[in-house]
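Enquirer: The following block contains a protein sequence and its predicted model.
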Amino acid sequence: MSYQFPPTKINADGKQRKVGLELEFAGIEPQKAAEIITSLYGGTIEKEHRYHYRIHDTSLGDFRVELDARILQKMAEHNIFDKLGIKLEEDSLRQSIEDVIDKMARSVVPMEIVMPPLAINELHELEKIRKGLQEAKAKGTYASFVNAFGMHINIESPDLNVSTLVDYLRSFMILYPWLLEVLNIDMSRRISPFVDPFPDKFVRKVLNPDYSPTQREMVNDYIDKNPTRNRPVDMMPIFELLEPELVNPVMEGEKNDPRPTFHYRLPNSRIDNPAWRFETEWEYWLQVELLAENKEMLNKLSRLYIFRKKETVISFKKEWVSTVNILLDLDE
């Protein structure tokens, strides 16, 4: 079984577009997660430290398993007690303190598997790791009220033309209220900073049909209102690829690998739901692709969004979801 294709299947080089997945979860040790990967796809496990594993040369490419907590990674990488001048003579005491910090952190910090980018017709292969994690009892967003765990999808843009990037942003902004509803975004994730919505002023600017920036203008407009990676569609990786001298000062050392992809980070991690499939989240994203390609509808909905947002103060989101459901025939 293959995933559905978007309207534009190939990139500017004439090759099939690629998609990478990142999944956050808890309940499984990183070594175990790495072993699940090699049991499915082969490859070799390299342990960099207790919170970071690399899995090389699998049949799909290279994976990473890591705890997304910089302080713990730094502690593991640099022997933090020695750096701080704290002398712990007994290894057992050092290990005990590290274990306590580790346990406390894992209640709120997810383990993450970063999967290699694959052509769309290969994405179904990743459902094997979804099944493997489910069988190992991995826990997702709903396992705890503090689990702000997500699934990130890195979708290669059809090209890097600024008009294409504007169309995708417009499409996502129009569909954002609908996606919030159908994805049932958990409250822990809504109140966390990781998927903060785009500011209204920026949304109005982008949805204005007269908005036709140069590449540099678009990047400047974006980082002026969004000097962060914490957006439901994080454009910093693609903008760092295009205009690194503008983006690097904003990142202030935060990790941001330049790549030609939309970093879509809105979906919950529902890995502990046996009925859940990665494909489900992909199909919701496809609505963004479909609208981005429908220039006439995109233009009409952009104008309508701005008009209704101005006229409907209190119940805008609820009304807008109904509007896009009808106009785009999105009712399930």
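Expert: Thanks, I have it. All figures in this text were calculated on a predicted structure; none of them were measured in a lab.
Enquirer: When you work out contacts or count neighbours from here on, use the C-alpha atoms and nothing else.
Expert: Will do.
Enquirer: Can you give me the neighbour number for Glu122?
Expert: Residues lying near Glu122 (other CA atoms under 10 Å) number 15.
Enquirer: meant to ask about Tyr51, not that
Expert: 23.
Enquirer: go on, Tyr168?
Expert: Neighbours of Tyr168 using other CA under 10 Å come to 22.
Enquirer: quick one: the nearest residue to Trp276 once chain neighbours are set aside and Lys137, what's the gap?
Expert: Excluding its sequence neighbours, the residue lying closest to Trp276 (CA to CA, 6 or more residues apart in numbering) is Arg270, at 6.5 Å. Relative to Lys137, Arg270 is positioned 12 Å away (CA to CA, to the nearest Å).
Enquirer: And the two? Which one has more around it.
Expert: Each of Arg270 and Lys137 has its neighbours counted (other CA under 10 Å); Arg270 has more, 24 against 16.
Enquirer: you'd agree Ile10 is up against Pro158?
Expert: Yes. In this structure, Ile10 is within contact of Pro158 by CA atoms under 8 Å, at 6.4 Å.
Enquirer: tell me which element the residue nearest to Trp276 is part of?
Expert: Assigned by DSSP states H and E, Arg270 falls within no helix or strand.
Enquirer: for it, what are its contacts?
Expert: Residues near Arg270 by CA atoms under 8 Å, 6 or more residues apart in numbering: Lys139, Gly140, Thr141, Tyr142, Trp276.
Enquirer: go again using 10 Å as the cut-off
Expert: Residues counted as contacts of Arg270 (CA atoms under 10 Å, 6 or more residues apart in numbering) are 23-25, 134, 138-143, 149-151, 276-278.
Enquirer: Show me the shaky parts of the stretch 1-150 of the chain.
Expert: Scanning the stretch 1-150 of the chain for pLDDT under 70 picks out 1, 68-109, 143-147.
Enquirer: All the helices of it, in order from the start?
Expert: Here the stretch 1-150 of the chain has its helices, by DSSP state H, counting those that start in this stretch, at 30-41, 70-78, 80-83, 91-106, 127-135.
Enquirer: hey, C-alpha coordinates of the lengthiest helix in the chain in PDB?
Expert: Criterion DSSP state H: the longest helix present in the chain is helix 162-182. Written as PDB, here are the backbone C-alpha positions of helix 162-182 (Å, rounded to 0.1, in the frame of the first residue of the first chain):
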ATOM      1  CA  VAL A 162       9.200  32.600  -3.300                       C
ATOM      2  CA  SER A 163       5.800  32.500  -4.900                       C
ATOM      3  CA  THR A 164       5.600  28.700  -4.100                       C
ATOM      4  CA  LEU A 165       6.600  29.300  -0.500                       C
ATOM      5  CA  VAL A 166       4.000  32.100  -0.100                       C
ATOM      6  CA  ASP A 167       1.300  29.800  -1.600                       C
ATOM      7  CA  TYR A 168       2.100  27.000   0.900                       C
ATOM      8  CA  LEU A 169       2.100  29.400   3.800                       C
ATOM      9  CA  ARG A 170      -1.200  30.900   2.700                       C
ATOM     10  CA  SER A 171      -2.700  27.500   2.300                       C
ATOM     11  CA  PHE A 172      -1.600  26.400   5.800                       C
ATOM     12  CA  MET A 173      -2.800  29.600   7.400                       C
ATOM     13  CA  ILE A 174      -6.300  29.200   5.800                       C
ATOM     14  CA  LEU A 175      -6.500  25.600   7.000                       C
ATOM     15  CA  TYR A 176      -4.900  26.000  10.400                       C
ATOM     16  CA  PRO A 177      -8.200  26.400  12.400                       C
ATOM     17  CA  TRP A 178      -9.600  23.300  10.600                       C
ATOM     18  CA  LEU A 179      -6.400  21.300  11.300                       C
ATOM     19  CA  LEU A 180      -6.500  22.300  15.000                       C
ATOM     20  CA  GLU A 181     -10.000  20.800  15.100                       C
ATOM     21  CA  VAL A 182      -9.600  17.600  13.100                       C
END
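Enquirer: in terms of contact count, name the helices or strands touching it.
Expert: The contact analysis (3 or more CA pairs under 10 Å, 6 or more residues apart in numbering; DSSP states H and E) places helix 162-182 against helix 200-207, helix 215-225, strand 233-234, strand 261-264, helix 278-293, helix 295-311, helix 316-327.
Enquirer: Could you tell me which residues within that helix count as buried?
Expert: 162-163, 165-180 (16 or more other CA atoms under 10 Å).
Enquirer: and what of stretch 247-263?
Expert: Result for stretch 247-263 [16+ other CA under 10 Å]: buried residues Val247, Asn248, Val250, Met251, Pro258, Arg259, Pro260, Thr261, Phe262, His263.
Enquirer: ditto for stretch 271-279
Expert: Ile271, Asp272, Trp276, Arg277, Phe278, Glu279.
Enquirer: repeat for stretch 48-63
Expert: Buried residues in stretch 48-63, counted by 16+ other CA under 10 Å: Tyr51, His52, Tyr53, Arg54, Ile55, His56, Thr58, Leu60, Asp62, Phe63.
Enquirer: Spit out the contact partners of the fifth one.
Expert: Think Ile55. By CA under 10 Å, 6+ apart, the contact list for Ile55 reads 34-35, 37-38, 41-47, 61-65, 115.
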